[in-house]
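1. Build me a structure from this.
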Amino acid sequence: MKVEDATASIGRAASASFSGYLGANHPDLLPSSRSAGGLTPASAATMAPHATTIVSMTYAGGVLMAGDRRATMGNIIASRHIEKVFPADMFSVLGIAGSAGIALDIMRLFQVELEHYEKIEGTLMSLDGKANRLAAMIRANLPLALQGLAVVPLFAGFDTVQRVGRLFSYDVTGGRYEEQEHHSVGSGAAFARGALKKLWKPNLDEDRAVRVAVESLYDAADDDSATGGPDVVRQLWPVVYTANSAGARRIPERELALAAARVIDSRSVAGREA
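-> Now for the predicted structure:
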């Protein structure tokens, strides 16, 4: 009887994982099943669009994530309109940096994975469980990462048990690391982190957190050619999401336009050169 119970438990666990089902029955549909076709890492970087800078931070009552809108292929701007931050489920958000096509596939699979689990189990997966599932997906992409098609996400969400916002970073091997206060990934991450260290304060309200995110991406774009800053001519602003006890919410573009205008105006008045 115990063996039967254990078998049933294992079968139920497998059925609760959509990516596990695909791996067992249709492995060719998984993002990790792709092949770089013998490309070298250098050629893969110039032939496949890459998403760049993502920032995330905690604020009073939740967590915020923002991403610029630029994708590059080598020294060419592949897109000025790409979106890199998405809701993962009701209480969490996901930002992607790295090989854009594979990252978007992993993001969509992750969204389905969480929805599938909720329908099978009748409850939301814990925030730690979500972070671990994403780590497994990134780990499965390691062969492609070694060929220059790496995906490095940033994951954040509102922990409904602890009642706080939490954020997680990853490496290409699937290593998962919980970050404190704020973090950034992507080609402009070093510059964005420098800005976050100076601008972030404990218990920021949501409006101030949005402005800090916009300004940190502005700083990253100032020194990293692969990061796009606010584009006043095209009316393009970063994609920003918050997650708190009310759920995940995308910040409207009118609020982002106002935050960007305040950053630009303050720097114009100051007459800053650097």
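
2. Can you show me the strands along this structure?
-> Ranges of strands in the chain, per DSSP state E, are 50-51, 54-59, 62-67, 71-73, 76-79, 85-89, 92-95, 98-99, 154-159, 164-170, 176-179, 182-185, 239-244, 247-250.

3. With respect to residue 126, which of those lies nearest?
-> strand 154-159 (8.0 Å; C-beta to C-beta). Every C-beta, even on glycine, is put in place using the N, C-alpha and C of the backbone.

4. of all the strands of the chain, which lies closest to residue 203?
-> strand 54-59 (7.3 Å).

5. What segments of the stretch 1-150 of the chain are helices?
-> Ranges of helices in the stretch 1-150 of the chain, per DSSP state H, counting those that start in this stretch, are 2-15, 18-25, 41-47, 100-121, 127-140, 142-145.

6. Tally up the residues packed near the spatially closest residue to residue 212 that is not a sequence neighbour, please.
-> In space, and not counting its chain neighbours, residue 212 is closest to residue 199: 4.5 Å by C-beta to C-beta, 6 or more residues apart in numbering. Residue 199: 18 surrounding residues under other C-beta atoms under 10 Å.

7. Residue 135: what's it in contact with?
-> Contacts of residue 135 were listed using C-beta atoms under 8 Å, 6 or more residues apart in numbering, and they are 170, 174-176.

8. Is it possible to get a markdown table of the strands of the chain that adds distance to residue 133, mean pLDDT and mean neighbour count?
-> Shown next, in a markdown table, are the strands of the chain (distance: least, C-beta to C-beta, whole Å; pLDDT from 0 to 100; neighbours: other C-beta atoms under 10 Å):
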| stretch | distance to residue 133 | mean pLDDT | mean neighbour count |
| --- | --- | --- | --- |
| strand 50-51 | 21 | 78 | 30 |
| strand 54-59 | 18 | 97 | 28 |
| strand 62-67 | 18 | 97 | 28 |
| strand 71-73 | 26 | 88 | 20 |
| strand 76-79 | 28 | 88 | 13 |
| strand 85-89 | 10 | 96 | 22 |
| strand 92-95 | 11 | 96 | 28 |
| strand 98-99 | 18 | 87 | 26 |
| strand 154-159 | 10 | 97 | 26 |
| strand 164-170 | 11 | 97 | 22 |
| strand 176-179 | 10 | 96 | 15 |
| strand 182-185 | 19 | 96 | 26 |
| strand 239-244 | 17 | 97 | 24 |
| strand 247-250 | 17 | 97 | 16 |
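
9. and of these, who's closest to residue 256?
-> strand 239-244 (6.2 Å).

10. Next, count neighbours for residue 271.
-> So residue 271, with other C-beta under 10 Å, has 6 neighbours.

11. Please verify my assumption that residue 172 contacts residue 140.
-> No - counting by C-beta atoms under 8 Å, residue 172 sits too far from residue 140 to count as a contact (11.3 Å).

12. re the thing from before, so which of the contacts of residue 135 is the closest to residue 193?
-> Nearest member of these to residue 193, counting by C-beta to C-beta, is residue 170, at 16.1 Å.
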